[in-house]
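Novice: pasting the sequence and the predicted coordinates here, then a few questions.
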Amino acid sequence: MATVQYVKLLPNGHIDLAHLEELLMANDQKKIVSLMHANNEIGNKLDMHKVGALCEKYNALFHSDTVQTVGHFPFHLRETPVHFITGAAHKFHGPKGIGLLYINENASIRPFIFGGGQERNMRAGTENVYGIVGFAKALELAESSYHSDSEYIRSLKFYMHDALKKNMPQVEFNGDVFGESLYTVLSASFPASEKSEMLLFNLDINNICVSGGSACASGVEEVSHVIKAMQENSNNVTVRFSFSKYNTREEIDYTVNKLKELL
């Protein structure tokens, strides 16, 4: 039987590492720390080296969900104190339905599915060869154009931040926008009103794809658990804007103008 404990957040949305150390120090049982390398709603990035050092200090395994960062940031896993990472191809324009699990050679786990000897005896069953090849090619392309793509996409994020601030002074932004965060995500909150209640729906019918939280909750009007954890009593309407190398400033201008009409 496993007991789950949640780490507190700082006001800017980053993980409270002091609280994490308290939790690790207070527990002498087998433990695993599982934290997102980058949050998919507000974009904040975790310092994996600091978390990994704490896990080493208190003899804990460390897993990081790197779905938002594989293909978007360089990784040096031999120099990173992490036991497991997970990733997904569709986040860097690869095929949907294929992902990866990295297991550090110093970590020993038993397979969840028994049978054949596939995946080094760790996962029985026929392998998704087409998906694997697509994953590898998409990652190769993403890494080859990382510097130019990341610079361009980051410029779109900051352009939208400035455009929203200029046209809607009451807008607020969630997370560490100009610090340790994804260059692909911008989370903005607008004052709650009758006009903002159906904001996601109205943007959708105007061919603008956004969400109120993660992509998993696209089209859902409820306040996300991530925003609640940061702003317990907030009544603002939060919208997550995501950017890729295929977006343009013209699309941002269209979105901002449509927001002005709607709000």
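Specialist: Yes, it's here. Keep in mind that what you see is a predicted model, and the values were worked out from it rather than measured.
Novice: residues touching residue 55, list them.
Specialist: 24, 33, 61-62, 81, 83 (CB atoms under 8 Å, 6 or more residues apart in numbering). Every residue, glycine included, has its C-beta placed from N, CA and C.
Novice: next SSE after the lowest-mean-pLDDT helix or strand in the chain?
Specialist: None of the helices or strands of the chain scores lower by mean pLDDT, DSSP states H and E than helix 225-230, at a mean of 81. Sequence order places strand 237-242 as the next helix or strand after helix 225-230, per DSSP states H and E.
Novice: for the record, mean pLDDT for the helix or strand just after that following strand?
Specialist: The helix or strand immediately downstream of strand 237-242 is helix 249-262, counting by DSSP H and E. Helix 249-262 carries an average pLDDT of 96.
Novice: helix 249-262 versus strand 237-242: what angle between them?
Specialist: Interaxial angle of helix 249-262 relative to strand 237-242 (axes from the mean of the first three to the mean of the last three CA atoms, to 10 degrees): 170 degrees.
Novice: now for helix 249-262, which elements pack on it?
Specialist: helix 146-167, helix 199-205 (3 or more CB pairs under 8 Å, 6 or more residues apart in numbering; DSSP states H and E).
Novice: let's have those helices in JSON lines, adding mean neighbour count, mean pLDDT and distance to residue 13.
Specialist: Output for the helices and strands packed on helix 249-262, formatted as JSON lines (neighbours: other CB atoms under 10 Å; pLDDT from 0 to 100; distance: least, CB to CB, whole Å):
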{"stretch": "helix 146-167", "mean neighbour count": "16", "mean pLDDT": "97", "distance to residue 13": "16"}
{"stretch": "helix 199-205", "mean neighbour count": "16", "mean pLDDT": "93", "distance to residue 13": "21"}
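Novice: could you export the ones you listed as TSV, including distance to residue 3?
Specialist: What follows is those, written out as TSV (distance: least, CB to CB, whole Å):
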stretch	distance to residue 3
helix 146-167	38
helix 199-205	36
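Novice: from the contacts of residue 55, which land in helices?
Specialist: Among the contacts of residue 55, the ones falling in helices (DSSP state H) are residue 24.
Novice: kindly reformat the contacts of residue 55 as a markdown table containing pLDDT.
Specialist: Below are those laid out as a markdown table (pLDDT from 0 to 100):
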| residue | pLDDT |
| --- | --- |
| 24 | 97 |
| 33 | 98 |
| 61 | 96 |
| 62 | 98 |
| 81 | 95 |
| 83 | 97 |
